[in-house]
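Novice: kindly return the folded structure for what I paste below:
(chains A and B)
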Amino acid sequence: MSTLDDKAEETVEQVETTKCPEKEQKNRACGIILIFFVIGLVGSLAVGWLIFPKLLYSQKKQPIDFNHVVHVAAVEDGCESCHYFREDGSFSGVPKLAQCVGCHEEAQGENPEELKFVEEHVTKGNEVPWLVYSRQPDCVFFSHASHIKMGKLDCVVCHGHIGESKHSRVYEENRLTGYSRDIWGKNLAGLKKDTWDRMKMDDCAECHAELKAKGETVTTLPWPINWMPRPYEKPASSQVRVNIQKDACFVCHK
Amino acid sequence: MKEQHKNTKAKKYGMVIDLDKCTGCGACMAACMAENNVPFKKDESNKLDSITWMRVYSLTNGKKFPEADMCYIPRPCMHCEAHNGHAPCVSVCPAVATDYNHETGIVSQIYTRCFGCRYCMAACPYHARYFNWWDPVWPDGMEKYLSPNVSPRMRGVVEKCSFCFHRYQLAMNKAYVEGRRELEEDEYQTSCTQACPAGAIIFGDLNNPGHAVNQIAKPDPKHGGRPMNPHAFRLLERLGTNPKVYYLSSREWVRRAGDNYIKDEGKQGNH
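Specialist: This is a model prediction of the structure:
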């Protein structure tokens, strides 16, 4: 900003040397406008990129600080030991208290978080009000069975390396929508490095379109108008069974 | 995986409703509303406003006492296939909020995509679509009884029967976990089918010769799915909507009432 101000001053000086009072006034006015413009621009950028996101997301702590590393080391089946499929094909998601009690009827160590968990939840029988990072909006139907069992996807693809976390991270809730920040993604500019950075509809579509291009049959989102740019490449393969244009909305919406 | 997909045949889920068995009790309507979180108002006396994915209509033959006869017609969404999935509602939707799924034969309705222009309602010849004029207001405590598998709709969108599509998804989940890609007939049944005390509603895959709906209605794929069973008919058959809901009746006047005829036109079946 300082360089711009310097420039503005320079122009004012130049004008003074020409000794033309009308021009001088005009240029001074221009300089002032420019200064205010720059101040305004920088101010709005700061508000938009720094202050607003802070205001938009509330910071919440998980009721119990959970250590995934310890648990993954202790169980035999990896993620599916606690996050398992029920017999009816539904996915259990975040474990209920009954499941934790299997091992934690009494505190197994000295960890204050575990003691707190046993004291406040196990002995009193209160469910832990976990905050679910990946909770999707109500209109979304996501089938863990089709992705894990049929698609043979790894949990990490969507959930990241949460299994390697030693502490529960802060849960950021969008104050307007009530959804977790994990859905929108951490990066404000919408940039994405890994598949687990975001959980928006476009992120589902990205993977589906990519697989479809390879000839795998996955249903993709419709793009109603043909000349409009698509958010993903149109698959080159003609071996796709499901029509790409339409008909797949009901697969992921309910 | 690709091979497996190629081997799975496209389904065509449909319904056969036996009007000789239907008593008009309305259990299907009640079951449907509960299953699909269909909103209702405190005062439902204005039937033009009420939302009923499944609605039972009553018909009379208009004759005096000795010949007087009645018939009840339950009407879900017909899930018209028309020609190659160009159902009346699907082809007019400017938002692709509704479309025909060639895999299951179900006409979807995506509430978050719908912006409420109601073209589809105008296009639907069966009045199967309903508009949400208000946000749903549930009586105290009822929110906890809503089905988590169906998202409640908001004001300003159109909704309709989905053949309990969420039940299909849940059944598929179970199949996936068991390593299957095909469903048994009884694994996916709509709520109204299961609620009907008279057993008048039968549901299944019209493409599957092993399913009861196929055996009873005997759809003729060469003639737009027209039933080969002489007692079976579809509503407004001659519009060419190719609906997937078949009706059965042994009574000629009922079968005739399923379509519009000019006075003194030939008997049903001569079109």
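Novice: tell me if residue A:28 really is in a helix.
Specialist: Yes. Residue A:28: assigned to a helix according to DSSP: H, G, I helix; E, B strand; the rest coil.
Novice: please report the distance of it from residue A:112.
Specialist: 66 Å (C-beta to C-beta, to the nearest Å). Every residue, glycine included, has its C-beta placed from N, CA and C.
Novice: who's more crowded, the two?
Specialist: Taking neighbours as other C-beta atoms under 10 Å in any protein chain shown, residue A:28 and residue A:112 compare with residue A:28 leading, 15 against 10.
Novice: element containing the residue of the stretch 51-200 of chain A found nearest chain B, please.
Specialist: Closest residue of the stretch 51-200 of chain A to chain B, C-beta to the nearest C-beta: residue A:89 (3.3 Å). Remark: residue A:89 resides in no helix or strand, with elements defined by DSSP states H and E.
Novice: is it true that it touches residue B:169?
Specialist: No. With contact defined as C-beta atoms under 8 Å, residue A:89 does not count as touching residue B:169 (9.5 Å).
Novice: now the spatially most distant residue from the centre of chain B. Its backbone dihedrals?
Specialist: Going by C-alpha atoms, centre = their mean, the residue of chain B most distant from its centre is residue B:66, 33.9 Å out. When quoted as degrees, to the nearest 10, the phi and psi of residue B:66 stand at phi -60, psi -30.
Novice: just residue A:187 next, same as before
Specialist: phi -70, psi 120.
Novice: wait, what's in contact with it?
Specialist: Contact partners of residue A:187, counting by C-beta atoms under 8 Å, 6 or more residues apart in numbering or on different chains, are residue A:197.
Novice: do you know how far it is from residue B:73?
Specialist: Residue A:187 is 56 Å from residue B:73, by C-beta to C-beta.
Novice: the closest residue to residue B:12 other than its chain neighbours - how many residues pack around it?
Specialist: Ranked by C-beta to C-beta, 6 or more residues apart in numbering or on different chains and with sequence neighbours excluded, the top spatial neighbour of residue B:12 is residue B:105, at 3.9 Å. Residue crowding around residue B:105 was assessed by other C-beta under 10 Å; the count is 21.
Novice: show the pLDDT at residue 18.
Specialist: In the absence of a named chain, chain A is used. Per-residue confidence at residue A:18 stands at 52 (pLDDT).
Novice: hmm, no, I was thinking of chain B.
Specialist: For residue B:18, the predicted pLDDT is 97.
Novice: same thing with residue A:129?
Specialist: 93.
Novice: what's near enough to touch it?
Specialist: residue A:63.
Novice: okay, and the helix or strand of the chain with the least pLDDT?
Specialist: Assuming you mean chain A. Sorting the helices and strands of chain A by mean pLDDT, DSSP states H and E puts helix A:2-18 at the bottom, at a mean of 53.
Novice: quick one: the strands in chain A?
Specialist: Along chain A, counting by DSSP state E, strands occupy A:57-60, A:171-174.
Novice: select, out of those, the one closest to residue B:228.
Specialist: Closest to residue B:228 of the strands of chain A, according to C-beta to C-beta: strand A:171-174, at 56.4 Å.
Novice: what does the stretch 51-200 of chain A have sitting close to chain B?
Specialist: Contacts of the stretch 51-200 of chain A with chain B, taken as C-beta under 8 Å from any C-beta of the partner chain, map to A:85, A:87-90, A:138-139, A:141, A:143-146, A:149-150.
Novice: mind checking which of these are buried?
Specialist: Buried residues within these, defined by neighbour count using 16 or more other C-beta atoms under 10 Å in any protein chain shown: A:85, A:89, A:90, A:139, A:141, A:143, A:144, A:145, A:146, A:149, A:150.
Novice: chain neighbours aside, what residue packs nearest to the last one?
Specialist: Nearest-residue entry for residue A:150: residue B:176, 5.0 Å, with adjacent residues in sequence omitted and distances by C-beta to C-beta, 6+ apart.
Novice: for the third one, same thing?
Specialist: Spatial nearest neighbour of residue A:90, excluding adjacent residues (C-beta to C-beta, 6+ apart): residue B:173 at 6.2 Å.
Novice: how close does residue B:120 get to chain A?
Specialist: For residue B:120, the distance to chain A equals 14 Å [C-beta to the nearest C-beta, to the nearest Å].
Novice: let me know the closest of the buried ones among the residues of the stretch 51-200 of chain A next to chain B to residue B:246.
Specialist: Residue B:246 lies nearest to residue A:141 out of those, by C-beta to C-beta, at 28.6 Å.
Novice: quick check, residue B:240 in contact with residue B:83.
Specialist: Yes. Counting by C-beta under 8 Å, residue B:240 touches residue B:83, with 7.2 Å between them.
Novice: shared neighbours of those two, which are they?
Specialist: Common neighbours of residue B:240 and residue B:83, using C-beta under 8 Å, 6+ apart, are residue B:224.
Novice: which residues touch residue B:220?
Specialist: B:226, B:227, B:228.
Novice: tabulate those (JSON lines), appending distance to residue B:119.
Specialist: Listed next are the contacts of residue B:220 as JSON lines, based on distance: C-beta to C-beta, whole Å:
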{"residue": "B:226", "distance to residue B:119": "28"}
{"residue": "B:227", "distance to residue B:119": "30"}
{"residue": "B:228", "distance to residue B:119": "34"}
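Novice: only whichever of these are buried, select them in ChimeraX.
Specialist: Selection command for ChimeraX covering only the buried members of the contacts of residue B:220, criterion 16+ other C-beta under 10 Å:
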select /B:226,227
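Novice: between the contacts of residue B:220, which is closest to residue B:45?
Specialist: residue B:227 (37.3 Å).
Novice: against residue A:166, how distant is that closest one?
Specialist: Applying C-beta to C-beta, the value for residue B:227 to residue A:166 is 65 Å.
Novice: which stretches of the stretch 151-254 of chain A form helices?
Specialist: Assigned by DSSP state H, counting those that start in this stretch, the helices in the stretch 151-254 of chain A fall at A:155-159, A:181-184, A:201-213, A:249-252.
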